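J.: Just a sequence and a predicted model for now, questions to come.
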Amino acid sequence: MIEVKDLRKEFKKPIRGEGISGMIKTLFSRKYEVKEAVKGINFEIKEGEMVGYIGSNGAGKSTTIKMMCGILNPTGGKVLIDGMEPYKKRKQVAQNIGVVFGQKTQLWWDIQLIESFKVLKEIYQISDEDYKERMEFLESVLGLSDFLKQPVRTLSLGQRMRADLAASLLHNPKVLFLDEPTIGLDVLVKEKIREAIKEMNKKYNTTVILTTHDMADIENLCNRIIIIDEGNVIYDGDLLSIKNKFGDLRTVTIELRDDLTSTDMFDTFDGNVGYELKGRELTVNFDALKVNFENVMNHIMQHVHMKDMKLKEISIEEVVREIYKNGD
């Protein structure tokens, strides 16, 4: 469905001198600074996959998405969407893709939302039968009925994001690009949008590429992630593998029945288990790949009386945070 082959993108930034004399010199002798935003990346995405494409600010992910949508031309390499290069065949590719940018809208500001959908129906030449079927589906999964007849400018951020998602799905695209689709939204709206994306993928087998800084979106929607850093792909694989790469880290929080003054009596299992005590709350951190969970818990229970216990596994957010922090 999507092939990215040795994709590169350079931006030329003119070097301007200071003051009026510097500006005049620039007119006659212009020098450029070249920034390589994307440095020869490669990956393939199959039909129906939901892939998280993530990276820190300035890593090159938005530049990649814009080349995949046909907005930017690559400096080198190529992108193929269903066998077509989007920057060469923009009209044909536009029929097969949908795009949602978290801070931008494709809706008409001063007309009713339903009228925006009718305009898009004509632009994409959607038949009456298909339009009716898709609107019924989108109304049910996104809850559009309450504000379909409101002007777009009167919609709240959550309502507008749901409307934008519906607009991008109206023509039943094969590929959906989502750039920060839940940014600034409350918990309930985020959940509704995530469920809508899942339903759409299940019903139409739509391929989804998601860029976001909200790792909850990734964990809820994607089985595969591609991490990009300084224009290079540094990881491409499933969520479980990247967690295991950093260790199967566990945190056990134990609420104690009695006061405990120290953790010195606990075995650190050759330094692989850490303990932290705050009042009657004991936090235990360990890597389940290096020490046995049952052995750790049996050892602790020999020394304390437990009132309650909570187990937490490492989240993808913590893993990605460590990657960004360490540059590994």
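T.: Ah, there it is.

J.: Give the rounded mean pLDDT of stretch 225-233.
T.: Mean pLDDT, computed over stretch 225-233, is 88.

J.: Tell me which residues are up against it.
T.: Taking C-beta atoms under 8 Å, 6 or more residues apart in numbering as the criterion, the residues outside stretch 225-233 that touch it are 36-43, 51-56, 59-61, 64, 218, 234-239, 242, 316, 320, 323-324, 327. All C-beta spots, glycine's among them, are computed from the backbone N, C-alpha and C.

J.: Okay, strands next: where are they in the chain?
T.: Ranges of strands in the chain, per DSSP state E, are 2-15, 31-45, 50-54, 76-81, 97-101, 175-179, 207-211, 224-229, 232-238, 249-256, 273-278, 281-287, 306-313.

J.: nearest to His299, of these?
T.: When those are compared for distance to His299 using C-beta to C-beta, the nearest one is strand 273-278, at 8.7 Å.

J.: for the stretch 51-200 of the chain, which spans come out with low pLDDT?
T.: Within the stretch 51-200 of the chain, the segments meeting pLDDT under 70 span 102.

J.: Also the stretch 201-328 of the chain?
T.: Applying pLDDT under 70 to the stretch 201-328 of the chain picks out residues 243-248, 314-318, 321-322, 324-328.

J.: hmm, try it at 80
T.: 213-215, 239-249, 288-289, 312-328 (pLDDT under 80).

J.: count of residues packed around the closest residue to Gly231 other than its chain neighbours?
T.: Ranked by C-beta to C-beta, 6 or more residues apart in numbering and with sequence neighbours excluded, the top spatial neighbour of Gly231 is Lys39, at 3.8 Å. Using other C-beta atoms under 10 Å, the number of residues around Lys39 comes to 17.

J.: I'd like the distance between the closest residue to Asp6 other than its chain neighbours and Asp179.
T.: Beyond its immediate neighbours in the sequence, the residue positioned closest to Asp6 (C-beta to C-beta, 6+ apart) is Gly77, lying 3.7 Å away. Gly77 sits 21 Å away from Asp179, going by C-beta to C-beta, to the nearest Å.

J.: Would you confirm that Gly184 contacts Arg160?
T.: No: in this structure Gly184 lies outside contact range of Arg160 using C-beta atoms under 8 Å: 10.6 Å.

J.: the more surrounded of those two?
T.: Arg160 (17 against 12).

J.: need the contact list for the closest residue to the more buried one other than its chain neighbours.
T.: Of all residues beyond its chain neighbours, the one nearest Arg160 is Thr105 (6.2 Å), with distances taken as C-beta to C-beta, 6+ apart. Under the criterion of C-beta under 8 Å, 6+ apart, the contact partners of Thr105 comprise Val152, Arg160, Asp164.

J.: Throw those residues into CSV and include distance to Val284, thanks.
T.: As requested, the contacts of Thr105 are exported to CSV (distance: C-beta to C-beta, whole Å):
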residue, distance to Val284
Val152, 52
Arg160, 45
Asp164, 45
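
J.: Show me those that map onto helices.
T.: Arg160, Asp164 (DSSP state H).

J.: buried subset of the contacts of stretch 225-233?
T.: Neighbour-count burial (16 or more other C-beta atoms under 10 Å) applied to these gives 37-39, 41, 43, 51-56, 59-61, 64, 218, 235-236, 239, 242, 316, 320, 323-324.

J.: Give me the distance from stretch 220-234 to the chain's centre.
T.: In terms of C-alpha atoms, centre = their mean, to the nearest Å, the centre of stretch 220-234 is found 9 Å from the chain centre.

J.: Now do the helices in the stretch 1-150 of the chain.
T.: 19-28, 61-69, 90-94, 113-123, 128-142 (DSSP state H, counting those that start in this stretch).

J.: Could you identify which of those helices is most buried?
T.: Mean neighbour counts were taken over those using mean count of other C-beta atoms under 10 Å, and the top value, a mean of 23, falls to helix 61-69.

J.: Against which helices or strands is that helix packed?
T.: Applying 3 or more C-beta pairs under 8 Å, 6 or more residues apart in numbering; DSSP states H and E, one finds that helix 61-69 makes contact with strand 2-15, strand 31-45, strand 50-54, strand 76-81, strand 175-179, strand 207-211.

J.: who wins for proximity to Glu294 among the ones you listed?
T.: Checking the helices and strands packed on helix 61-69 against Glu294 by C-beta to C-beta gives strand 50-54 as the closest, at 33.4 Å.

J.: Please name the strands paired to that closest one in the sheet, noting orientation.
T.: In the sheet containing strand 50-54, the strands it pairs with under DSSP bridges are strand 207-211 (parallel), strand 224-229 (parallel).
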